[in-house]
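**Q** predicted model follows, preceded by the sequence.
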Amino acid sequence: MLLQDKVVIVTGAGGGLGAGIARVCAREGAKVVVADVRGDAAHAVAAELSGAKGLSCDLRDDAALDGLVSDTVAEFGRIDGLVNNAGANFAKPFLETTEADWDWVISLDLRAVFFLAQKVSRQMLQQGDGGSIVNISSVHSQSCLPGAGPYDAAKWGVVGMGKSMAVELAPQGIRFNAISPGLLNTQIWQDLQSAAPSPEACLDYWKQNIPIGRVIEPEEVGELAAFLLCDRSASITGANMFADGGMTSQLVSKEPFASKTIEGR
């Protein structure tokens, strides 16, 4: 098992991507703290997993971040890994976005990531044997969609500040990496299908825009997170890894105007 007896916190793990990551970590032997602002959801996911603990935590509250760290240590004695997964999506025209919109997204998607990583790092430094922190970013860290300014800013920021953290704490054996998922089989995917003229039309559109031809399952991102948390990835820090089915590698969808042979003569 990749994470045998390691203690790992996963935020936003009461459902969706976070729950998928928590399940993989538990399967790989970790003692998982399932943290979510929805306490009932956190406890429900934790109840499915061997040796896991569910905790209610509002990541916008600094005192709650301190409590998450102290409660984890009280329960399991240490912290070996953190997956900063919790976040808020956002779509609103740039000219209509308010200061309150900006503060709401940045407080969870960027500020909370920074300060929880800081508090967990302090605990890891006290333990003296390093650790691994994985920050969940997005394909929005490389490309963007209209109307996602605060979200884009946060996800680019997650990657940038993670690199700074990685360089600063590398001598102490604490690693920081980012994962940038593409379109995931979570509630967002269900919402996209519901908003489309038909689920079939929606699926066909996204198949054209994702080279592997399908959405990504949360557990697939969990597999990558588990690897980055484990000792086998000890040489990897400061990286941003894309789990997007090739989405950000493709300029435009091939259909319905796929190019014929072009020899450049």
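**A** Looks like it arrived, so ask away.
**Q** strands of the chain, residue ranges please.
**A** Taking DSSP state E to define them, one finds strands in the chain at 7-11, 31-36, 53-56, 81-84, 131-136, 174-181, 240-243.
**Q** partner strands of the third one, with direction?
**A** Meaning strand 53-56. strand 31-36 (parallel) (DSSP bridges).
**Q** same deal with the fifth one?
**A** In its sheet, strand 131-136 lies beside strand 81-84 (parallel), strand 174-181 (parallel), with partners assigned from DSSP bridges.
**Q** so can I have JSON lines of the ones you listed showing mean pLDDT, distance to Asp103 and mean neighbour count?
**A** (Glycine included, C-beta is placed from N, CA and C.) Formatted as JSON lines, the strands paired with strand 131-136 follow (pLDDT from 0 to 100; distance: least, Cβ to Cβ, whole Å; neighbours: other Cβ atoms under 10 Å):
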{"stretch": "strand 81-84", "mean pLDDT": "98", "distance to Asp103": "19", "mean neighbour count": "28"}
{"stretch": "strand 174-181", "mean pLDDT": "97", "distance to Asp103": "23", "mean neighbour count": "25"}
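**Q** among these, which is nearest Ser198?
**A** Closest of the strands paired with strand 131-136 to Ser198 is strand 174-181, at 25.2 Å (criterion: Cβ to Cβ).
**Q** contacting residues for Ser143?
**A** For Ser143, the contact set (Cβ atoms under 8 Å, 6 or more residues apart in numbering) comprises Thr248.
**Q** and it, what are its phi and psi?
**A** According to degrees, to the nearest 10, the main-chain angles of Ser143 amount to phi -130, psi 180.
**Q** ok, now Ala13?
**A** Residue torsions, per degrees, to the nearest 10, at Ala13 are phi -100, psi 10.
**Q** that one and Arg23 touch, don't they?
**A** No. Here Ala13 does not reach Arg23: they are 9.1 Å apart, not a contact under Cβ atoms under 8 Å.
**Q** and the two? which has more neighbours close in?
**A** Ala13 (31 against 21; other Cβ atoms under 10 Å).
**Q** show me what contacts the more buried one?
**A** Ala13 sits in contact with 19, 21-22, 32, 34-36, 42, 45, 85, where contact means Cβ under 8 Å, 6+ apart.
**Q** what's the closest of the strands paired with strand 131-136 to Gly54?
**A** That would be strand 81-84 among the strands paired with strand 131-136, by Cβ to Cβ, at 15.1 Å.
**Q** so what touches the closest one?
**A** Against strand 81-84 from outside (Cβ under 8 Å, 6+ apart): 3, 6-11, 18, 21, 25, 30, 112-113, 116-117, 120, 131-136, 158, 225, 229.
**Q** still on that earlier bit, can I get the contacts of Ala13 in TSV including pLDDT, neighbour count and distance to Trp206?
**A** Formatted as TSV, these follow (pLDDT from 0 to 100; neighbours: other Cβ atoms under 10 Å; distance: Cβ to Cβ, whole Å):
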residue	pLDDT	neighbour count	distance to Trp206
Ala19	97	27	22
Ile21	98	31	22
Ala22	98	35	26
Val32	98	32	31
Val34	98	32	29
Ala35	98	33	30
Asp36	97	30	27
Ala42	98	29	30
Val45	98	24	27
Asn85	97	29	22
